[in-house]
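Novice: Just a sequence and a predicted model for now, questions to come.
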Amino acid sequence: MSDLLRSYLTVFIFGAVAVGLVGAVLGLGSFLRPKRPRPEKLIAYESGVDPVGEGWTQAEIRYYIFALLFVVFDVEAVFLFPYATRAEAYGWYGVGAMALFIGILTLTILEAWRKKVLRWS
């Protein structure tokens, strides 16, 4: 067996053991926990306030856009960190690629600012 295949086999074994342990702990927890169903446990409950009215409400679209912008700029950090740790190895190609990437993100934030998406109120 080659070293590469042995490495994959090791990862597979550790993954199978992890999945097995998670399943065993969840199974043990469902077996040991008390089971006392009550109608009060089935109602929606948030922030200590009893629910009034329907559970369906329509949220404003700007909250979703704000969340999407957060995700976009959070993913930016995922791409910038590896580049920052190995910038000298990438040379001028890396500088150009990161300049293009940051330029596109700058255009994204300017467009969001122009459309007044970033205003909370």
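Specialist: Structure received.

Novice: switch to C-alpha atoms for all contacts and neighbour counts from now on
Specialist: Will do.

Novice: Could you report the pLDDT at the residue nearest the centre of the chain?
Specialist: The centroid of the chain falls nearest to Val71 when counting by Cα atoms, centre = their mean (8.0 Å). At Val71, the model reports a pLDDT of 84.

Novice: The chain should start at 20 in everything you say after this.
Specialist: Sure, I'll start numbering at 20, so the last one becomes Val90.

Novice: Identify the residues contacting it.
Specialist: By Cα atoms under 8 Å, 6 or more residues apart in numbering, the contact set of Val90 is empty.

Novice: Tell me how many other residues surround Arg81.
Specialist: 14 (other Cα atoms under 10 Å).

Novice: actually Trp75, not the one I typed
Specialist: With other Cα under 10 Å as criterion, Trp75 counts 6.

Novice: quick one on the thing from earlier: which helix or strand contains the residue nearest to the centre of the chain?
Specialist: helix 80-104 (DSSP states H and E).

Novice: Please spell out which residues along the helix or strand of the chain with the lowest mean pLDDT are buried.
Specialist: Ranking every helix and strand in the chain by mean pLDDT, DSSP states H and E puts helix 80-104 at the bottom, with a mean of 81. Within helix 80-104, the residues that count as buried by 16 or more other Cα atoms under 10 Å are 85, 88, 102.

Novice: Now do the last one against Pro56, distance only.
Specialist: Right, the one you point to is Tyr102. 53 Å (Cα to Cα, to the nearest Å).

Novice: Read off the pLDDT value for Ala37.
Specialist: 97.

Novice: Would you list the phi and psi of it?
Specialist: Backbone geometry at Ala37, expressed as degrees, to the nearest 10, gives phi -60, psi -50.

Novice: okay, now it: neighbour count?
Specialist: So Ala37, with other Cα under 10 Å, has 12 neighbours.

Novice: How about Trp132?
Specialist: So Trp132, with other Cα under 10 Å, has 12 neighbours.
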